[in-house]
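Trainee: sequence and predicted structure, then a few things I'm wondering about:
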Amino acid sequence: MTAINVFVRADAAVIVTDSKAIAPGQPAFDTAKVFPLPHMHMAVATRGPMDALMRVVGAICVGAKNYEEARAFLDQAYGHLGLAGVEIVCAGWGSNGPAAFVVSDLNTAGKVVDIDRALVTPTVSRADFEAFATDPVAGMPALLEQQAAGNDVVGGFMNVTQIGRTV
């Protein structure tokens with residue numbers, strides 16, 4: 001399980017992930033679960049097998065040139081990429097400013113679903129979400145702590161990737 005949290009502000013889209021990973025027969029370790037694509041003004045995070053992130057990034061780089069093209073590409077190609085069980089979250093800067101979307105076979109039937117304001121996965125209690133929503137920047141560490149408390153494969157470091165007009 002990966003914690004992938006997204007919030008779209010007026011000036012930027014932000015992806016926050018944990019770093020804890022596990023492999024059969026190995027102790028837990030830390031790894032990046034988000035990959036920035038500065039030349040495309042976007043970042044990609046995945047939930048699923050460790051190699052999924054690099055496969056998704058490679059496919060996006062071949063099939064798109066920017067955030068909006070990546071969104072259209074994944075909406076059409078997700079089912080043909082051999083990514084069953086992989087959830088993809090992208091955040092970037094499009095023609096209308098900051099934006100984000102999610103696509104997976106499990107939660108979105110293989111079609112892109114836009115994230116209007118926030119995505120919090122794994123879910124937390126309503127009270128914890130409301131505390132986070134009051135101030136997403138200040139509330140993110142506590143949100144990740146709650147996500148880790150409810151799931152023994154979430155934890156490690158907090159990785160924050162912000163995509164803005166010039167960031």
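Mentor: Okay, I see it.
Trainee: show me the strands in this protein, by range?
Mentor: For the chain, the strands defined by DSSP state E occupy 4-8, 12-17, 20-21, 29-30, 34-37, 42-47, 87-94, 97-103, 113-114, 118-121, 159-164.
Trainee: the first one: partners in the sheet, and parallel or antiparallel?
Mentor: Pointing back at strand 4-8 there. strand 12-17 (antiparallel), strand 118-121 (antiparallel) (DSSP bridges).
Trainee: neighbouring contacts of the first one?
Mentor: Looking back up the chat, that one is strand 12-17. 2-8, 32-34, 43, 45, 89, 91-93, 98-100, 136, 140, 144, 158-164, 167 (CB atoms under 8 Å, 6 or more residues apart in numbering). (Glycine included, C-beta is placed from N, CA and C.)
Trainee: give me whichever of the strands paired with strand 4-8 is most buried.
Mentor: strand 12-17 (a mean of 24; mean count of other CB atoms under 10 Å).
Trainee: from the chain's centroid, how far away is it?
Mentor: 7 Å (CA atoms, centre = their mean, to the nearest Å).
Trainee: hey, C-alpha coordinates of it in CSV?
Mentor: Taking C-alpha atoms only, strand 12-17 is exported to CSV below (Å, rounded to 0.1, in the frame of the first residue of the first chain):
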residue,chain,number,x,y,z
ALA,A,12,-0.1,24.6,-7.7
ALA,A,13,-0.9,20.9,-7.6
VAL,A,14,0.8,18.9,-5.0
ILE,A,15,1.5,15.1,-4.6
VAL,A,16,2.6,13.8,-1.3
THR,A,17,3.6,10.2,-0.8
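Trainee: give me the PyMOL select line for the contacts of strand 12-17, limited to the buried ones.
Mentor: To isolate the buried ones among the contacts of strand 12-17 in PyMOL, judged by 16 or more other CB atoms under 10 Å, type:
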select buried, resi 2+3+4+5+6+7+8+33+34+43+45+89+91+92+93+98+99+100+136+140+144+158+159+161+162+163
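Trainee: re the thing from before, in CSV, list the strands paired with strand 4-8 along with distance to Met54 and mean pLDDT.
Mentor: Below are the strands paired with strand 4-8 laid out as CSV (distance: least, CB to CB, whole Å; pLDDT from 0 to 100):
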stretch, distance to Met54, mean pLDDT
strand 12-17, 15, 97
strand 118-121, 21, 94
